[in-house]
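Participant: Predicted structure and sequence below. I'll ask about it afterward.
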Amino acid sequence: DAKTTQPNSMESNEEEPVHLPCNHSTISGTDYIHWYRQLPSQGPEYVIHGLTSNVNNRMASLAIAEDRKSSTLILHRATLRDAAVYYCILRDVGNAGNMLTFGGGTRLMVKP
Amino acid sequence: KAGVTQTPRYLIKTRGQQVTLSCSPISGHRSVSWYQQTPGQGLQFLFEYFSETQRNKGNFPGRFSGRQFSNSRSEMNVSTLELGDSALYLCASSSYWTSGSSYNEQFFGPGTRLTVL
């Protein structure tokens, strides 16, 4: 799977929107973009995924650049509970199996 | 629906010993994956089992092994423990193991914290 690049850390104020960027310049046409997050002392949890179009769910929105070389996870109103490490992961839909290749992720700190 | 459970949650061993960790997936899930998380290397894939067969394997030495039982429960074993094996070991389960599916959400357990002295 292609590699992703994320900032090491970001800071946000509570109740403000947060935009978490991810670069994936070598993405292939069959790579889906997945986001997981890991809250303190917990295992990672799924947030959202997409291919080309922007996606929304109850947790977040995913904005994908037209050339697909970057994407942005958007938390519309950050809460203290959103403080976590966020991982942007590419997964080739042509690969059977559930292996996830995690990078370093972005540690999001939320200030009250 | 109960989540993924891992036992034990904490474990302390000494170098040279072996250890077995257990994972019970979400009911109905047949795929179980194992990951190692350390401060230096981050989250790294160990292996994945589906229907009692190892389907994928990460880049770890042969001291790391696993198996899956007919009820989908899985165990991983580390023999001849080294200090560098100290880590959080995470198990994840999923209902599918197919290509062509964009959405194979992984459900992670809380992990087993292994300390090797």
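Facilitator: Here it is on my side, so go on.
Participant: Setting aside sequence neighbours, what's the nearest residue to the residue in chain B that chain A sits nearest to?
Facilitator: Distances between chain B and chain A by C-beta to the nearest C-beta are smallest at B:Phe108, namely 2.9 Å. C-betas here are computed from N, CA, C, even on glycine. Of all residues not flanking B:Phe108 in the chain, A:Gly43 sits nearest, at 2.9 Å (C-beta to C-beta, 6 or more residues apart in numbering or on different chains).
Participant: who touches A:Ala63 in this structure?
Facilitator: A:Asn54, A:Ser71, A:Thr72, A:Ile74 (C-beta atoms under 8 Å, 6 or more residues apart in numbering or on different chains).
Participant: Stretch A:42-50 - what's its average pLDDT?
Facilitator: Average pLDDT, stretch A:42-50: 95.
Participant: one step back: give me the number of residues near the residue of chain B closest to chain A?
Facilitator: 23 (other C-beta atoms under 10 Å in any protein chain shown).
Participant: what residue ranges in the chain are flagged as low confidence?
Facilitator: No chain was given, so I picked chain A. A:1-2 (pLDDT under 70).
Participant: ah, I was thinking of chain B
Facilitator: For chain B, residues meeting the criterion pLDDT under 70 lie at B:1, B:99-102.
Participant: got a winner among the contacts of A:Ala63 for most neighbours?
Facilitator: Ranked by neighbour count (other C-beta under 10 Å), those have A:Ser71 at the top, with 24 neighbours.
Participant: give me the element it is part of.
Facilitator: strand A:70-75 (DSSP states H and E).
Participant: Tell me if I'm right that B:Leu11 and B:Val19 touch.
Facilitator: Yes - here B:Leu11 reaches B:Val19: they are 6.2 Å apart, a contact under C-beta atoms under 8 Å.
Participant: Just give the nearest non-adjacent residue to A:Asn88, would you?
Facilitator: You called it Asn, but residue A:88 is Cys. A:Cys22 (3.5 Å).
Participant: packing partners for the strand or helix carrying that neighbour?
Facilitator: In this structure, A:Cys22 sits in strand A:18-23 according to DSSP H and E. When contacts are defined as 3 or more C-beta pairs under 8 Å, 6 or more residues apart in numbering or on different chains; DSSP states H and E, strand A:18-23 sits against strand A:9-13, strand A:70-75, strand A:84-92, strand A:106-111.
Participant: Test of understanding: give the bridge partners of the residue nearest the centre of chain B.
Facilitator: With distances taken as C-alpha atoms, centre = their mean, B:Trp34 lies nearest the centre of chain B, 2.6 Å away. Note on B:Trp34: beta-bridge partners by DSSP bridges are B:Phe47, B:Cys91.
Participant: List the contacts of it.
Facilitator: B:Cys23, B:Phe45, B:Leu46, B:Phe47, B:Glu48, B:Gly66, B:Ser74, B:Met76, B:Tyr89, B:Leu90, B:Cys91, B:Ala92.
Participant: how about 6 Å then?
Facilitator: B:Leu46, B:Phe47, B:Met76, B:Cys91 (C-beta atoms under 6 Å, 6 or more residues apart in numbering or on different chains).
Participant: Equivalent analysis for B:Glu105, please.
Facilitator: Contacts of B:Glu105 by C-beta under 6 Å, 6+ apart are A:Tyr46.
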